[in-house]
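Enquirer: Here is my input; please provide its structure:
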Amino acid sequence: MYKILSRECIRNRCGKYVVEFSIPWPKNARTVHLLMDLSSWMPGLFPLTKIGSRGYIRLRLWEGVYLYAFMVNLNELMVDPENDFFIKGLKVHYLNKTVDASIARVGVDEIVEVLMKSKDMNELIAHIEYDQAYVSKLGDYWNVRIRLPKDYVHNVYLDYRCGAKDGVMEMEKVHSDDIFDYYECLILCNDNLSYRFRFVLKGKRKTVYYGYKGIGNMEYLNLRINEVNSLINNELLGNVVLEASLEDIMDRCDDVINSLKYLFIDYVFVRLPPVTIIKPEEMIKVDNGIAPDIVDSIELLMQKGYKVLIEIPLTYVSPCFNGFIDVIERGVKSKYWDWFLIFDESLGKGLSSGKLTHSIKGSCYMVYEILKELANFNSVAFEDRATSLLRLNVESPRVLRIIEETVKFWTKLGVTGLVIKKCFTIPQHLINAIVTTAKDINPNIMVFGESLGNPSYLANETLLDGIIDNYLGNSIASLITGTLTCREFCRITSHNYILKPFIKNITTYPALPKEVGCGVLDETEMKLLYLLVTALTGIIPIRFTDIISCGKKFRKYIRSLVKLTKTLDVMRLGKITVKCINKNVLIVKRALLNEVVHILLNLSRVRVNVDLNMLHMMHSKPYRNLIDMSKVKGTVKLNPKSGIIIKDL
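Expert: From the prediction side, this is the model:
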């Protein structure tokens, strides 16, 4: 069942709901996890705690309809037996499977009651100053947001005091859905901030204040710099990163370095290659330690002056791991027994049971066949059944010590960033412990976590600095390939943007799908793909495989985008709005105080003319296309599958 326990409120201003999910503890269950889009529909992030005969977990959630299920022993999916409302066959596109899911309505009935009975709209306004989704700080910039009932206001202004200096900033609508409008502004202020909101209501044009005590209150909200989630404006934020596999770093290091030099890129994101090339256990501090040739390759890059982000597996190994082979051979007598989640008691006897007589002799030659014989792969917890990756038991003190030593090793080596592979399968408290361990050694290290589904929980409720966002990357690729409409992309992108703290948008890394690249897309489409990646907030990935497989004109185009991004702060740090015109023209606006750029993308295969009036840009004012430096005035002519970046002169 699910139960709404309370709602977080400050005076008359209310925020998230505290929601408890629970289930009678299934017989013979060793683990039970809550699954939903916030956990990428994978077990790990939300483990239930057994208390008495039930399992419990509490989450902080905004209003909405949440689809959820439970998973027992990491292999048995079940709907909530105490909830009569569920749907069958929910399609989870990023996992390419369907699930049956129960339905949780959080705060929805209260919204309906307000709208139907015309009750106090104050209940629908949301602004909590200690929620980083609504207030955060990036360098000298404060980001402030507020959520309002849809079409409730004509304008929103923020009256603020930066130290002893007063100011007024008009807020911009950055997202709308069926019920709410979301407004945002950036304020240049390297001091404590006090502020209140001023609404100009629609129709009557009446002015209403929204202050510390809510609607109709003029009292300022006061925030000190050390009271908000802040991020130092270092060079990585919103910058460009060359993405290369560890295999490429080890085998083609000269080519990788030449690409870095040609593109003027200073950062390398080293991703894990397939398990057949590098086994996960070769990257963690276990037994003989991390493979020396891997360490040498990373150190060589850093010695050349490049800054490295490295993807590390912390909670899974291959079945070829000697510790798992030892478990198969010796059962409970193995020192690795508690490293794994074993569900088949017969494994405790080892091969001596007579059930299996294969002799492994220190190799993994027979492991796959043995696993098939043992309860059809249900004898042990898997991280990924397709590749037979084995999940480690994160409740084992020895496994936790290995994770800690691995994080310390890579941090002390001097990498700029750690990327937690499959972060969505790790409990929230362990994610926070990993981040804390790294930052105790190097406060400036950036720690990222991978997400497949909705990244908002990882972005808001953990200590992660940024998200490797597969959902956003897949949406970008789907738009370019034509499987996602422009309007649907705008809805997904702006919703993704507003649910994450502003600073976490700047550190978002859109992970593009491997299937989309040169060969699948032509050169024109590849340029459009990377223009869109550059236009959106976040760290910009340039894949090494695309650089070496696409043509010379493409590489030259990418180099021009890299130079542009590194030159303009608005392209790195500016807030974002997206919209579609003529169904096939996407407009991305980036704004940093008075500096504004517009990125126009023609997604169709016909030529399109765009009137600058549609962008609220003055016809009489001269603009420049920053890609080819040509002047633009009046009407922009976009060739098929092309785009430009416009800025006033």
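Enquirer: Going by C-alpha atoms from here, please, whenever you check contacts or count neighbours.
Expert: Will do.
Enquirer: List the buried residues in stretch 542-552.
Expert: 542-547, 550 (16 or more other C-alpha atoms under 10 Å).
Enquirer: do the same with stretch 248-264
Expert: Buried-residue list, stretch 248-264, by 16+ other C-alpha under 10 Å: 248-250, 253, 256-257, 259-260, 263.
Enquirer: and what of stretch 18-35?
Expert: Buried, per 16+ other C-alpha under 10 Å, within stretch 18-35: 18-25, 31-35.
Enquirer: Ok, stretch 79-90 next?
Expert: Residues 79-80, 86 are the ones in stretch 79-90 that count as buried (16+ other C-alpha under 10 Å).
Enquirer: Check stretch 508-521 too.
Expert: For stretch 508-521, by 16+ other C-alpha under 10 Å, it's 508-512, 516-518.
Enquirer: Name the nearest residue to Ser451, ignoring sequence neighbours.
Expert: The shortest distance from Ser451 to any non-neighbouring residue, by C-alpha to C-alpha, 6 or more residues apart in numbering, is to Asp469 (5.4 Å).
Enquirer: who are the neighbours in contact with that neighbour?
Expert: Residues near Asp469 by C-alpha atoms under 8 Å, 6 or more residues apart in numbering: 450-452, 455, 508-511.
Enquirer: out of those residues, which are inside helices?
Expert: Counting by DSSP state H, no part of the contacts of Asp469 is found in helices.
Enquirer: Would you check which pair of the buried residues of stretch 508-521 lies furthest apart?
Expert: Within the buried residues of stretch 508-521, Thr508 and Cys518 form the most distant pair, 24.0 Å apart (C-alpha to C-alpha).
Enquirer: sorry, back to before: and which of the buried residues of stretch 18-35 is nearest to Thr493?
Expert: Taking C-alpha to C-alpha as the measure, Thr493 lies nearest Leu35 of the buried residues of stretch 18-35, at 23.1 Å.
Enquirer: quick one on the thing from earlier: and the buried residues of stretch 508-521 as a markdown table, adding pLDDT and distance to Asp296?
Expert: Formatted as a markdown table, the buried residues of stretch 508-521 follow (pLDDT from 0 to 100; distance: C-alpha to C-alpha, whole Å):
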| residue | pLDDT | distance to Asp296 |
| --- | --- | --- |
| Thr508 | 94 | 28 |
| Tyr509 | 95 | 26 |
| Pro510 | 95 | 28 |
| Ala511 | 95 | 26 |
| Leu512 | 95 | 28 |
| Val516 | 92 | 31 |
| Gly517 | 90 | 30 |
| Cys518 | 88 | 31 |
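Enquirer: Export the residues you listed as CSV, with columns for distance to Pro149.
Expert: Rendered in CSV, the data for those read as follows (distance: C-alpha to C-alpha, whole Å):
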residue, distance to Pro149
Thr508, 28
Tyr509, 31
Pro510, 30
Ala511, 33
Leu512, 35
Val516, 39
Gly517, 42
Cys518, 45
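Enquirer: So which of these is the closest to Phe324?
Expert: Ala511 (31.4 Å).
Enquirer: who's in contact with Gly417?
Expert: 308-310, 445-448 are the contacts of Gly417 under C-alpha under 8 Å, 6+ apart.
Enquirer: What does the pLDDT read for it?
Expert: pLDDT for Gly417: 95.
Enquirer: what's the answer for the one 3 residues further on, then?
Expert: In this model, Ile420 is scored at 97, pLDDT.
Enquirer: That one contacts Gly449, correct?
Expert: Yes - with contact defined as C-alpha atoms under 8 Å, Ile420 counts as touching Gly449 (4.8 Å).
Enquirer: Would you map the strands across the stretch 401-550 of the chain?
Expert: For the stretch 401-550 of the chain, the strands defined by DSSP state E, counting those that start in this stretch occupy 417-420, 446-451, 466-469, 509-510, 540-543.
Enquirer: What pairs with the longest one, parallel or antiparallel?
Expert: Spelled out, that is strand 446-451. strand 417-420 (parallel), strand 466-469 (parallel) (DSSP bridges).
Enquirer: who wins for proximity to Met614 among these?
Expert: Closest among those, using C-alpha to C-alpha: strand 466-469, at 31.1 Å.
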